[in-house]
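Visitor: Structure for the following, please:
(one chain, ligands or ions: 1)
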Amino acid sequence: MRRLAILLTCLAGAAFAQGADAPGGEEPSVLPAGQGQEEVFYACTACHSTAIIRRSSFRRDQWDGLMDWMTEKHGMNPLEGAERTLIVDYLAQHFGPRAAPARGRNPFLN
Ligand code: HEC
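Guide: Coordinates of the predicted model:
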């Protein structure tokens, strides 16, 4: 019986380690919902967490160029065709240039 308990502990440990594989234990839902959410998550978190994406804001052409940079400099699998369009559209839509804050308004007084 004791042996069985030890075996079970080991199995549980292995399952836990596997779940922790994703960087930071993130799931696709850390990204805004929308078409391309899962594709972006799985294509991009092989190397880094989504934090680097979420804190970025680029125009579509900048995101597009970044995909080549990631491939050339960092060995990402080239993104092409429909998948590339889907991913770059998603990034531009959800992580595009932030709107300039309205001037002369104190957001704490609204
Ligand atoms: C093969 C590995 C790899 C993959 C896959 C990958 N990246 Fe990167 N990415 C890197 C590395 C390495 C850096 C730069 C080092 C760092 O700052 O961590 C980086 C940096 C970045 C940056 C910061 C750029 C800057 O100058 O501010 C962004 C944004 C980014 N990646 C977005 C993405 C997106 C979006 C995807 C998915 C389409 C992706 N990455 C997939 C390796 C990768």
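
Visitor: For Ser56, pull up the helix or strand it's in.
Guide: Assigned by DSSP states H and E, Ser56 falls within no helix or strand.

Visitor: Wait, it touches Pro97, no?
Guide: No: with contact defined as Cβ atoms under 8 Å, Ser56 does not reach Pro97; the gap is 10.3 Å. C-beta here means a position set from N, CA and C on the backbone, and glycine is covered the same way.

Visitor: For Tyr90, which non-adjacent residue is spatially closest?
Guide: Gly36 (3.1 Å; Cβ to Cβ, 6 or more residues apart in numbering).

Visitor: can you pull the pLDDT of that neighbour?
Guide: pLDDT recorded at Gly36 is 98.

Visitor: thought it was touching Ile87?
Guide: Yes: using Cβ under 8 Å, Gly36 makes contact with Ile87 at a distance of 5.8 Å.

Visitor: Could you list the residues of this protein in contact with the ligand?
Guide: 43-44, 46-48, 52-53, 56, 66-67, 70, 74-76, 87, 91 (Cβ under 6 Å from any ligand atom).

Visitor: Which of the residues you listed fall in helices?
Guide: Ala43, Cys44, Ile52, Ile53, Leu66, Met67, Met70, His74, Ile87, Leu91 (DSSP state H).

Visitor: from those, which would you call buried?
Guide: Members of those that pass the buried threshold by neighbour count (16 or more other Cβ atoms under 10 Å) are listed as Ala43, Cys44, Ile53, Met67, Met70, Ile87, Leu91.
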